[in-house]
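# Turn this into a model:
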Amino acid sequence: MTDHYDAVVIGAGQAGGPLSTALAAAGWKVAIVEREHAGGTCVNEGCTPTKLMAHTARVAHIARRAPEYGVNAADISVDMEVVRQRKRDIVESWSSGSRNAIEGTDGVTYIDGEARFTGPHELSVALNDGGEIELSADKIFINTGQRPDIPAVDGLSDIPYLTNKTIMELAEVPQHLIVLGGGYVGLEFGQMFRRFGAEVTIVEAHEQFLYREDRDIAEAVQGILKEDGINLIVGTKPVRIEQPDDGLIRVVLETDEVLEGSHLLVATGRTPNTDTLDLDAAGIETNDRGYINVNDHLETSIEGVYALGDVNGGAPFTHVAYDDFRLMRARILEGKEATTSGRLVPYTMFIDPQLAHVGLHEHEAEKQGFDYRVATLPMAHVARAIETKETRGLMKAIVEAGSGRILGATVLGVNGGEIMSVLQVAMMAGLPYTAFRDGVFAHPLFAESLNNLFSGLDDGYSTHLSTHLPQAKEAAV
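Reported below is the predicted structural model:
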């Protein structure tokens with residue numbers, strides 16, 4: 001027998017969970033299917049535990065720097081069992097809270113199991129405690145997220161490698177942690193464990209470190225990590241991994257360099273959780289990497305079936321998944337014409353200092369043919385940064401030459417995400433850069449430095465100011 005619902009949500013992540021309760025509150029009969037844990041990657045394996053541990057690492061870092069501030073501190077050590085337990089406790093609290101919120105909503109049936117399509121609007125669910133049930137629904141929402149993508153490297157499958165999930169379960173500090181991949185996961189955990197006391201080597205395959213960032217930003221981050229004692233190897237990748245009888249892990253690179261470490265973290269990318277959904281049975285189209293194709297309404301190739309969050313191949317951030325939920329709620333329950341078109345998506349990498357960005361990078365503005373000007377301000381010129389001895393990094397803004405509107409901004413600095421968010425609000429409101437140049441900000445805050453960042457666009461105050469005019473337009477002047 002098939003149970004029919006108004007809606008079935010597959011995955012209780014940051015889009016699926018709140019969507020299930022919103023639909024139920026509107027009178028819909030809803031089922032939500034979750035194979036592992038409520039809250040999704042963010043609560044269980046991503047944002048919550050990793051940022052918690054990164055803050056612990058920063059505490060250790062500041063403690064070691066105590067003499068710089070005139071504070072005498074004893075020898076600093078990190079108890080990984082305490083760190084791990086604190087992580088476990090908060091994750092359990094938040095995950096169970098997410099589940100309780102769903103189960104406590106009238107109209108929602110929470111199903112522990114793994115769903116697969118048997119037709120465009122039909123599902124079969126293998127229950128975690130055994131057995132199988134059949135479901136159908138007028139609308140189906142897929143929110144199954146991603147998992148680590150493990151590269152096909154000779155010998156890797158024979159090695160007890162770590163992922164972003166398992167590394168947080170270590171009860172000891174690695175002697176030497178080798179990290180494959182220089183993206184979010186690799187850099188955050190690399191710096192974190194360096195501050196916990198490990199020797200760290202990060203291997204990045206691309207020639208440019210942080211290749212999606214502007215080169216000046218990437219070089220600044222690279223300098224900070226090297227200053228922290230992290231060994232960075234770029235432009236190469238592993239071809240073989242071994243673990244001889246001595247127990248060490250040996251990573252052989254394309255360059256024939258051999259790295260020896262006690263632990264190996266694989267952080268080379270993510271892959272969508274679509275392989276067990278049997279999407280072909282429903283006729284749901286994916287791209288060549290397995291991500292579900294959607295339009296700007298988040299609808300798949302099948303009418304009434306939607307894909308939300310990381311699984312649709314968009315920006316893989318919790319705040320984007322949650323905004324996907326808001327978009328669905330607005331369209332389906334409120335009758336609004338909400339779309340993903342033109343959505344301004346910020347991000348923050350929680351290295352220390354934070355790397356935050358919103359809008360266009362300079363290389364993107366150039367590629368798109370904008371007349372733009374660039375203003376940069378080193379954190380070493382920011383009063384608050386000097387007072388707190390946190391002068392590493394810089395602020396950078398891209399401004400359209402004619403209109404004065406802010407096209408994009410990057411902040412590499414302490415509280416970089418908070419400063420970036422101030423700029424994002426101005427971009428959302430369409431404010432020109434002069435609003436920051438002429439605004440009165442409380443002293444002494446990091447945000448106050450936005451006065452100086454943008455004043456250079458007019459009076460030459462900043463020596464870190466450049467102007468760009470695309471070649472084609474320059475020829476026409």
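# Hmm, residue 350 and residue 51 touching each other?
Yes: under the criterion of Cβ atoms under 8 Å, residue 51 makes contact with residue 350 at 5.5 Å. Glycine gets a C-beta too; all of them are placed from N, C-alpha and C.
# Neighbour count: these two, which is higher?
Neighbour count, other Cβ atoms under 10 Å: between residue 51 and residue 350, residue 350 has more, with 22 against 13.
# which residue packs closest to residue 194, ignoring adjacent ones?
The shortest distance from residue 194 to any non-neighbouring residue, by Cβ to Cβ, 6 or more residues apart in numbering, is to residue 200 (4.4 Å).
# Could you measure from that neighbour over to residue 177?
5 Å (Cβ to Cβ, to the nearest Å).
# Would you mind listing the residues touching both of these two?
Taking Cβ atoms under 8 Å, 6 or more residues apart in numbering as the contact rule, residue 200 and residue 177 both touch 190, 193.
# number of nearby residues for residue 281?
Residue 281: 15 surrounding residues under other Cβ under 10 Å.
# Now that we're looking at it, what pLDDT does it have?
We have a pLDDT of 98 for residue 281.
# What pLDDT is listed against the residue nearest to residue 359 when sequence neighbours are not counted?
Nearest residue to residue 359 in three dimensions, chain neighbours excluded: residue 408, at 3.1 Å (Cβ to Cβ, 6+ apart). As predicted, residue 408 sits at a pLDDT of 98.
# Let me know how buried residue 408 is, in neighbour terms.
Burial measure for residue 408: 24 neighbouring residues, criterion other Cβ under 10 Å.
# For it, which three-state class applies?
Put simply, residue 408 is strand when judged by DSSP: H, G, I helix; E, B strand; the rest coil.
# So residue 90 is in contact with residue 49, correct?
Yes: counting by Cβ under 8 Å, residue 90 does reach residue 49; the two are 7.3 Å apart.
# Can you list the residue ranges for helices in the stretch 251-400 of the chain?
318-328, 362-367, 383-388 (DSSP state H, counting those that start in this stretch).
# Quick one: low-confidence residue ranges for the chain.
Along the chain, the parts satisfying pLDDT under 70 run over 459-477.
# re earlier: adding mean neighbour count and distance to residue 401, write the helices of the stretch 251-400 of the chain out as a markdown table.
As requested, these are arranged in a markdown table below (neighbours: other Cβ atoms under 10 Å; distance: least, Cβ to Cβ, whole Å):
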| stretch | mean neighbour count | distance to residue 401 |
| --- | --- | --- |
| helix 318-328 | 21 | 30 |
| helix 362-367 | 17 | 11 |
| helix 383-388 | 15 | 29 |
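# Who are the contact partners of the spatially closest residue to residue 148 that is not a sequence neighbour?
Spatially, and ignoring its direct neighbours in sequence, residue 148 is nearest to residue 163 (4.4 Å; Cβ to Cβ, 6+ apart). With contacts defined as Cβ under 8 Å, 6+ apart, residue 163 is in contact with 148, 150, 265-267.
# same thing with residue 156?
Shown in contact with residue 156 (Cβ under 8 Å, 6+ apart): 150, 238, 241, 266.
# What remains of the residues you listed if I keep only buried residues?
Burial by neighbour count, 16 or more other Cβ atoms under 10 Å: within those this picks out 238, 241, 266.
# if we can go back for a sec, columns distance to residue 110 on top of the helices of the stretch 251-400 of the chain, output as TSV?
What follows is the helices of the stretch 251-400 of the chain, written out as TSV (distance: least, Cβ to Cβ, whole Å):
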stretch	distance to residue 110
helix 318-328	17
helix 362-367	42
helix 383-388	46
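# From the centroid of this protein, which residue is nearest?
Geometric centre of the chain, nearest residue: residue 317, 4.8 Å, by Cα atoms, centre = their mean.
# if I read this right, that residue contacts residue 345, doesn't it?
Yes: counting by Cβ under 8 Å, residue 317 touches residue 345, with 7.1 Å between them.
# So residue 10 versus residue 279, what's the distance?
11 Å.
# So for these two, which residue has more residues nearby?
Higher neighbour count among residue 10 and residue 279: residue 10, with 30 against 22, using other Cβ under 10 Å.
# what sits against that one?
16, 32-33, 115, 123, 140-144, 277.
# Closest one to residue 338 out of those residues, please.
Closest to residue 338 out of those is residue 141 (15.0 Å), distances taken as Cβ to Cβ.
# mind listing what's buried in the helix or strand containing the closest one?
For residue 141, the element it lies in under DSSP states H and E is strand 132-142. Neighbour-count burial for strand 132-142 flags 133, 135-137, 139-142 (criterion: 16+ other Cβ under 10 Å).
# Straight-line length of stretch 238-250, end to end?
This stretch, stretch 238-250, spans 10 Å end to end (Cα to Cα, to the nearest Å).
# er, stretch 278-287 actually
Stretch 278-287 has an end-to-end distance of 15 Å (Cα to Cα).
# Can you point out the buried residues in it?
Using 16+ other Cβ under 10 Å as the test for burial, stretch 278-287 gives 279, 282, 284, 286.
# Would you quantify the distance from the third one to residue 305?
Distance from residue 284 to residue 305, counting by Cβ to Cβ: 6 Å.
# cool, the second one as well?
Distance of residue 282 to residue 305, given as Cβ to Cβ: 7 Å.
# Give me the common contacts of these two.
120-121.
# Which parts of the stretch 101-250 of the chain are helices?
Here the stretch 101-250 of the chain has its helices, by DSSP H, counting those that start in this stretch, at 184-196, 215-227.
# Strands along the stretch 51-200 of the chain, start to end?
Secondary structure of the stretch 51-200 of the chain (DSSP state E, counting those that start in this stretch): strands at 108-119, 122-127, 132-142, 146-148, 176-180, 199-204.
# Highest mean neighbour count out of the ones you listed?
Mean neighbour count (mean count of other Cβ atoms under 10 Å) peaks for strand 176-180 among the strands of the stretch 51-200 of the chain, with a mean of 25.
# That strand vs strand 199-204, what angle?
Angle between the axes of strand 176-180 and strand 199-204 is 10 degrees (criterion: axes from the mean of the first three to the mean of the last three Cα atoms, to 10 degrees).
# Give me the sheet partners of strand 176-180 and which way each runs.
Note on strand 176-180: by DSSP bridges, its sheet partners are strand 199-204 (parallel), strand 263-266 (parallel).
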